[in-house]
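Enquirer: Fold the stuff below for me.
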Amino acid sequence: ILFICGGAFVGLEDIISRRVGKRVLGFNQEHPTKKGESASLEPVTSKVPDVTPEDLLSFGLIPEFVGRLPVVSTLENLTREQLIRVLTEPKNAMVKQYSKLLAMDGVELELKEDGLEAMAEQALERGTGARALRSIFEKLMLDVMFESPSSSDSMMVTIDRPVVDGERPAAMERKEEKDAA
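Expert: Reported below is the predicted structural model:
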């Protein structure tokens, strides 16, 4: 049996930092760990490869489960560019899924680059990896998906940074009006 446990595991880096005696907070600050010693701040991701079974137990996983994880491998956090790729490149990417769903109702979905960047930035702020992208994207599309079945043909919805940042809602426009603008 192969167990693969993927996720952000928010807080695990704090547990590892306490164990190895280094602080997580601050910007390249030195913090004394023991008398006469100091530990400079390292990127949090550099501590995650040091994860031990005891760290996983402190994190809250039960011993019976941790015992079934003989090898622990870690990955670096996704970057903004990688999150954008998650949104757009896979065969079943969310952008492609919503484009097809809206196309069934005659609505074209246009995602501007700054909108994709804003979604990736919000996902990074949440700290939960690519999973945050789904909730961000679905929140943006909620009203559009509700309105699209009743729309006439030749409609378009554009998602850009102001829409993602909540400055204005995602709204459907007639495609001719959008093309003229």
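Enquirer: ranges for the strands of the chain?
Expert: If DSSP state E is used as the criterion, the strands of the chain fall at 30-31, 39-40, 107-111, 155-159, 172-174.
Enquirer: just these: most buried one?
Expert: strand 155-159 (a mean of 21; mean count of other CB atoms under 10 Å). Every residue, glycine included, has its C-beta placed from N, CA and C.
Enquirer: Who does it pair with, and is each partner parallel or antiparallel?
Expert: Applying DSSP bridges, strand 155-159 is found paired with strand 107-111 (parallel), strand 172-174 (antiparallel).
Enquirer: Residue 93 is nearest to which of the strands of the chain?
Expert: Among the strands of the chain, the nearest to residue 93 by CB to CB is strand 107-111 (10.7 Å).
Enquirer: what's that closest one in contact with?
Expert: Outside strand 107-111, the residues that touch it by CB atoms under 8 Å, 6 or more residues apart in numbering are 88, 95, 98-99, 102-103, 144, 148, 151, 155-159, 172, 175.
Enquirer: Quick check: the farthest pair among those?
Expert: 88 and 151 (24.1 Å).
Enquirer: rewinding a little: turn the strands paired with strand 155-159 into JSON lines, including mean pLDDT and distance to residue 84.
Expert: Conversion of the strands paired with strand 155-159 to JSON lines gives the following (pLDDT from 0 to 100; distance: least, CB to CB, whole Å):
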{"stretch": "strand 107-111", "mean pLDDT": "93", "distance to residue 84": "10"}
{"stretch": "strand 172-174", "mean pLDDT": "84", "distance to residue 84": "24"}
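Enquirer: what's the closest of those strands to residue 50?
Expert: Residue 50 lies closest to strand 107-111 among these, at 38.6 Å (CB to CB).
Enquirer: which other residues reach the helix ranked longest in the chain?
Expert: Longest helix in the chain, counting residues (DSSP state H): helix 131-147. Helix 131-147 has contacts (CB under 8 Å, 6+ apart) with 7-8, 83, 86-87, 94-95, 98, 101-102, 107, 119-120, 122-123, 126, 157, 159, 163-164, 169-172.
Enquirer: domain ranges for this protein?
Expert: 12-66, 80-180 (automatic domain parsing).
Enquirer: contacting residues around stretch 62-70?
Expert: Contacts of stretch 62-70 (CB under 8 Å, 6+ apart): 1, 3, 5, 53, 56, 57.
Enquirer: That's all I had, so thanks and see you.
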